[in-house]
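# Need coordinates for the following:
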Amino acid sequence: MYTEDSIAKWQKDLRIYRGIKSLFLIEGNVHDIYPRFTRTEHGYAVSGFSPLSHIIYDTLNESELNPSYDFLYCNPVSGLYNPVLEVDIEPLLKEFAGQSTRYARRDNEGISYQYVVDDPLAVSAFVKTALTSNRRALKESERRPVAVVLSFASRYLQSPSHLSERETQFFMNLQVACLEARRINSLRSALFLLVDKVNDLPAWFYLNNPQAKIITIPVPDRKARGVFIERNFGLPPHEYRSGRLADITEGLRTLELRQLHSLAGENATGPGSIENAVALYKYGVKESPWESADLTERIRASEAIIKGRVIGQDRAVKKAVDVLKRAVSGMSGLQHSSSSSKPKGVLFLAGPTGTGKTELTKALAERLFGDERSCIRFDMSEYQQPHSDQKLLGAPPGYIGYESGGQLTNAIKERPFSILLFDEIEKAHPSILDKFLQILEDGRMTDGQGNTVYFSECVIIFTSNLGTFRSVRDKYGNVSKVPTISVDDNYETVERVVSAGVKDYFTVELGRPELLNRIGDYNIVVFDHIQEQAAMDIAEMKMKKVVESIKESRRIDVCVLEAKEYFLEQAKQERDKGGRGIGNMIENLFINPVAAYICDNSLSPGSTVRLCWCPKLHELSITHVDGRPR
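Residues are numbered from 1 along each chain as shown. Just a heads-up that it's a prediction; the model follows:
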C-alpha cells in the first residue's frame, strides 16, 4: 500500500491542472513507463506500469465506466489513433475533420483503429476544431471535452527558430486551439504535446500563454525505482527494504529496470548477486573487477609494493592505499545519502612537481586492475578555454564534433573500470570544474548526445601544484610566482602550507567550496619534497633500469659500481627539481656517454662496459673489459 507521497510530482500536477489548463507541454523522460496509482480505502495501490499515453488517460478519466474526456492520440508516423481503448475513432474524425481533410485507415497489429492524415497542416486544423467545438450536435449525455495527445511534437518542424510558412501555420492552429478551447461539463478541452525538451518548440507558441503548463518528467528517483523493484524483482524483504538495488540503479529509467530484470534472469543472476546484475547491464561484464576474489589480497599487499615504486613518499602512499581499502570494502561515501552512485574513490594529490604523483596513480591502477593502462590521463592544460567542456563531455546537437562525443565520456564508456587522472586540475577552465560537481556527487554525467555515462565504478584522481607557489605583483603590475616552500622544509610544514593553498584556491579564488567538500579533506594527499636518501634511491633505481634495458636489447653489460657514488651525489644536488630532474641528470651524465661509447666503438653483444669516476681529474671514464680507454 502506498501513500500520496509515493506519487511523483508530475503526476500530481496533471491531476491538479486537469480540466483547468488547455495546453500541457510535457518534456523530459517521456518515453518511459510509469506506475498507475489507483485510490483504495486505505491509500493507493499500483495496478501496473504503463506508457505516458495511458497515464494521461487515467488521470483525466478517473472513472472507466463514465469517462470525462474523449481521447485522440497523434504522432507524425502513426497518424490518429487511441492506444488505450480498442475503439474505432472514425466518428470523432467525421465530427472534427473538414471536408478537405483526407484520412485513410491503416491496419496495425498493435493498434486496431489507426487513421493517417497525409497533410500535417490538416492535422493541426483538425486539433483546432476538436478543442474549440462545443459539440452541440451530440446528445447532452454524450457531450464531453476532448483531449488530444501529440507525441514527438517537435518532429513537426525543422527548427524552432526558423519556421517555414506552413510550420508557422501549424503551430498557430494549435495555439488558437488552446486559447479558445471549449469548456464542457466544467472541464476544458486540452492539448498535450510530448517532447524531449520544451525549447524544441517555437518559444512564441508557449511563452506568455496563460493556458500553458510545462511539466517536466525526471528520471525516476530512488522512491520511484523502489516501487518498481518491490513489485517486480521478487527480492527477499530484507534486500528491497535496505534499498540496495534502488541505490545502485541510480540514473536508470523504469524501462531500463525492466530490461535489467530480464537480463538478470537470462544470465541466472539471482537476488544475491545484485551488483553483478547491474554491472552486466551497465557495463557488459558479468563480474565487476571490484568483486574479484583476489582484489582484497592485492590491495592488502599494495602499500609495501607501491612504496618500492614511489620512493620517499611513504605517508602519501599510505593515505592513498587507505582510500582504496575503503573502496574495495564497499564503504566509500557511506556517510552520504547517495553513496552507492558515487565514484569508488576520490584523491587529490598535491605537492611539488616531480615528486611521484603521476607514478602513484599508475601504481594504483596496476594494483587495482592489473594494468597501468587502466589509468586514463587527461592533461587539464588542454582545457583552459570556456568551450573546453564540449571537448571533454561532447558538443551539443548542431555543433561541430557532436557525432564524435566527448573525450572523457567516450573513455569511461570504453573502460568503466579504471582510474581517471586529471593532471594539473587548476589549469582547467572553471566551467569544467562545475561538471565535476555532478560527477563526484551523482557518479554520472549526460554527454552532448544525451547518453548517460557512469563513474560509479572508477577512481577519480586529481593532481595539482597548488600551494607550492604564490603570485606576487611588483610595483609595475607584473605578476610572478614565488615558492611558498623549500626543499629544506620538513613534511609537516609542506603539508600545512600546501593544504592551505589548495583550500584557499577552491574557497577564495574560485569560490567553489562545494567542490572541495565533495573531494573531502582526508582525500587531499600532500607529497613531500624528495629528501637526500630518496634522491639517491631514485637515481639507483633509474640506473638499474637503464642497465637492465641495455642488457636485454644489446646484450651488453654495463658496470657502474665504480661511478655509483658520483651519480648518487649528483642526484642529491638535483632533488629540488623532483624525480624528473634526477631523470634528466641520469640521461645527461649516464645514458648519453654510454650510448655514444657503444656507438663509437661498435661494441658487439657480450661486451662489458665499465664506468669509473676519477675525483682528482673530476671526470668520468668509460672502458671495455680489455681496458682500452675511451
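# This protein - how does it break down into domains?
When the chain is parsed with automatic domain parsing, its domains come out as 4-217, 222-283, 295-526, 532-624.
# possible to save those as a markdown table with mean neighbour count?
For glycine as for every other residue, the C-beta is placed from the backbone atoms N, C-alpha and C. As requested, those are exported to a markdown table (neighbours: other C-beta atoms under 10 Å):
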| stretch | mean neighbour count |
| --- | --- |
| domain 4-217 | 17 |
| domain 222-283 | 17 |
| domain 295-526 | 18 |
| domain 532-624 | 16 |
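# To P289, which of those lies closest?
Among the domains of the chain, the nearest to P289 by C-beta to C-beta is domain 295-526 (4.8 Å).
# Endpoints of the closest one, how far apart?
26 Å (C-alpha to C-alpha, to the nearest Å).
# Please apply the same query to stretch 407-425.
16 Å.
# one step back: which of the domains of the chain comes out lowest on mean pLDDT?
Taking each of the domains of the chain in turn, the one with the lowest mean pLDDT is domain 222-283, at a mean of 74.
# which stretches of the stretch 301-450 of the chain form strands?
All strands of the stretch 301-450 of the chain, identified by DSSP state E, counting those that start in this stretch, fall at 345-350, 375-379, 419-423, 444-446.
# Summarise which helices and strands the third one is packed against.
So the one you mean is strand 419-423. Using 3 or more C-beta pairs under 8 Å, 6 or more residues apart in numbering; DSSP states H and E as the contact test, the elements touching strand 419-423 are helix 357-369, strand 375-379, helix 407-414, strand 459-464.
# Run the chain-centre distance for the third one.
Translated: helix 407-414. Averaged C-alpha coordinates place helix 407-414 at 9 Å from its chain's average position (C-alpha atoms, centre = their mean, to the nearest Å).
# Equivalent analysis for the second one, please.
Averaged C-alpha coordinates place strand 375-379 at 16 Å from its chain's average position (C-alpha atoms, centre = their mean).
# Counting by contacts, list what that strand packs against.
helix 357-369, helix 407-414, strand 419-423.
# do the same with the longest one
Packing contacts for helix 357-369, counted by 3+ C-beta pairs under 8 Å, 6+ apart, involve helix 295-300, helix 302-307, helix 314-328, strand 345-350, strand 375-379, strand 419-423, strand 459-464.
# Put the alpha carbons of that helix into CSV.
These are the backbone C-alpha positions of helix 357-369, laid out as CSV (Å, rounded to 0.1, in the frame of the first residue of the first chain):
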residue,chain,number,x,y,z
LYS,A,357,52.0,12.0,-8.1
THR,A,358,51.5,10.5,-11.6
GLU,A,359,53.7,7.5,-10.8
LEU,A,360,51.5,6.8,-7.7
THR,A,361,48.4,6.9,-9.9
LYS,A,362,49.8,4.4,-12.4
ALA,A,363,50.9,2.1,-9.5
LEU,A,364,47.4,2.2,-8.0
ALA,A,365,45.9,1.3,-11.5
GLU,A,366,48.2,-1.6,-11.7
ARG,A,367,47.3,-2.9,-8.3
LEU,A,368,43.5,-2.4,-8.8
PHE,A,369,43.0,-3.6,-12.3
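# neighbouring contacts of stretch 178-194?
Under the contact criterion C-beta atoms under 8 Å, 6 or more residues apart in numbering, stretch 178-194 has outside partners 18-26, 30, 52, 56, 60, 68-69, 127, 130-135, 143-153, 174, 177, 201, 209, 211-212.
# let me fix that: stretch 298-312
With contact meaning C-beta under 8 Å, 6+ apart, stretch 298-312 is reached by 313-314, 316-318, 320-321, 324-325, 328, 355-356, 359-360, 363-364, 367-368, 528, 530-531, 533-535, 537-538, 541.
# let's see it at 7 Å
314, 317-318, 321, 324-325, 328, 356, 359-360, 363, 367, 528, 530-531, 534, 537-538, 541 (C-beta atoms under 7 Å, 6 or more residues apart in numbering).
# Verify the contact between R102 and V123 for me.
No - counting by C-beta atoms under 7 Å, R102 does not reach V123; the two are 11.5 Å apart.
# Report the contact partners of the closest residue in space to F506 that isn't next to it in sequence.
Nearest non-adjacent residue to F506, counting by C-beta to C-beta, 6 or more residues apart in numbering: L516, 4.1 Å away. With contact set as C-beta under 7 Å, 6+ apart, L516 has these partners: 503, 506-507.
# From the centre of the protein outward, give me the first residue you hit.
By C-alpha atoms, centre = their mean, the chain has its centre lying nearest to M445, at 2.6 Å.
# ok, so what distance separates that residue from K21?
34 Å (C-beta to C-beta, to the nearest Å).
# show me the contacts for N199.
P160.
# ah, wrong one, I meant I591
Contacts of I591 (C-beta under 7 Å, 6+ apart): V546.
# wait, is it part of a strand?
No - looking at I591 with DSSP: H, G, I helix; E, B strand; the rest coil, it is helix, so not inside a strand.
# just to revisit the earlier point, in JSON lines, list the helices and strands packed on helix 357-369 along with distance to T216.
Converted to JSON lines, the helices and strands packed on helix 357-369 look like this (distance: least, C-beta to C-beta, whole Å):
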{"stretch": "helix 295-300", "distance to T216": "41"}
{"stretch": "helix 302-307", "distance to T216": "46"}
{"stretch": "helix 314-328", "distance to T216": "35"}
{"stretch": "strand 345-350", "distance to T216": "30"}
{"stretch": "strand 375-379", "distance to T216": "32"}
{"stretch": "strand 419-423", "distance to T216": "31"}
{"stretch": "strand 459-464", "distance to T216": "29"}
